[in-house]
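A.B. asks: sequence unknown, structure follows:
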């Protein structure tokens, strides 16, 4: 079935540095959702993007949906230790969400 | 809103035994999903209910797996004759209907270890 590809698989940053994870699909997406999973926790919904070229912000997090609706990105400005976790993008395929493999973020304080 | 609850949190079983997990979704949510997650991977879709109707099952779901949602509220996932490859986190999620592209609300999961 469909699957979105996420890069990088893993990133280790110094606290205060920026972080970006990318989500790519070979097909046009109807929408994309982003989730965060803390170590030992469960995925928690962050945001949904629907429109071509859409940009949404949540404090230090900026989410973008590509013009062709085939890719998306999540950018964190000035990372903090509370940002650690795995960030997943997920595409809607039929009546279910199909998740990418995620990007693990570690933050050195 | 008490969130999605799953029971048990952890289950250790011997190969060949049967196990059953329970999920209680958010009360007003009609859709219920089961996912499986292994280390370093994203959640992998297993099956989906709308009310009591099981509408989709993954091809990955062997005949040893069965899920029910008899009254359209809580759901159970049973794995018969467990194998070591079944070891994983089993996540339940629920979402609203009538709202396009509703986000999923996940429970804390049941971690299964098959020895």
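C.D. replies: Right, received. Where do you want to start? Remember, it's a predicted structure, so these values are computed and weren't measured experimentally.
A.B. asks: elements contacting the helix or strand residue A:57 falls within?
C.D. replies: Under the criterion of DSSP states H and E, residue A:57 resides in strand A:55-58. On a contact count with 3 or more Cβ pairs under 8 Å, 6 or more residues apart in numbering or on different chains; DSSP states H and E, strand A:55-58 meets strand A:44-49, strand A:61-65. No exception for glycine: its C-beta is placed from N, CA and C like everyone else's.
A.B. asks: dump the ones you listed into TSV; add mean pLDDT as well.
C.D. replies: Below are the helices and strands packed on strand A:55-58 laid out as TSV (pLDDT from 0 to 100):
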stretch	mean pLDDT
strand A:44-49	96
strand A:61-65	98
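A.B. asks: any idea how far the strand holding residue A:57 is from the chain center?
C.D. replies: 12 Å (Cα atoms, centre = their mean, to the nearest Å).
A.B. asks: so the closest residue to chain B within chain A bridges to which residues?
C.D. replies: Residue nearest to chain B within chain A: residue A:99 (3.3 Å; Cβ to the nearest Cβ). As for beta bridges, residue A:99 partners with residue A:90 under DSSP bridges.
A.B. asks: sorry, back to before: so for the strand holding residue A:57, what's the average pLDDT?
C.D. replies: Averaged over strand A:55-58, pLDDT sits at 98.
A.B. asks: next, the buried residues of that strand.
C.D. replies: residue A:56 (16 or more other Cβ atoms under 10 Å in any protein chain shown).
A.B. asks: list the strands paired with it, with their directions.
C.D. replies: In the sheet, strand A:55-58 lines up with strand A:61-65 (antiparallel) (DSSP bridges).
A.B. asks: can you say which of the helices and strands packed on strand A:55-58 is nearest to residue A:17?
C.D. replies: strand A:61-65 (14.6 Å; Cβ to Cβ).
A.B. asks: any part of the helix or strand that that closest one is followed by near chain B?
C.D. replies: Reading on from strand A:61-65 to the C-terminus, the next helix or strand found by DSSP H and E is strand A:71-76. No - Strand A:71-76 stays clear of chain B (Cβ under 8 Å from any Cβ of the partner chain), getting no nearer than 14.1 Å.
A.B. asks: what helices or strands is the helix or strand of chain A with the lowest mean pLDDT leaning on?
C.D. replies: One helix or strand of chain A scores below all others by mean pLDDT, DSSP states H and E: strand A:96-99, with a mean of 92. Packing contacts for strand A:96-99, counted by 3+ Cβ pairs under 8 Å, 6+ apart, involve strand A:85-93, strand B:31-37, strand B:44-50.
A.B. asks: for those strands, which one sits closest to residue A:109?
C.D. replies: Minimum separation from residue A:109 across the helices and strands packed on strand A:96-99 (Cβ to Cβ) falls at strand A:85-93, 15.1 Å.
A.B. asks: which residues of chain B lie near chain A?
C.D. replies: Residues of chain B lying near chain A (Cβ under 8 Å from any Cβ): B:31, B:33, B:35, B:40-45, B:48, B:50, B:55-56, B:91, B:101, B:103-109.
A.B. asks: out of these, which end up buried?
C.D. replies: So, by 16+ other Cβ under 10 Å, the buried ones in these are B:31, B:33, B:35, B:41-45, B:48, B:91, B:103-109.
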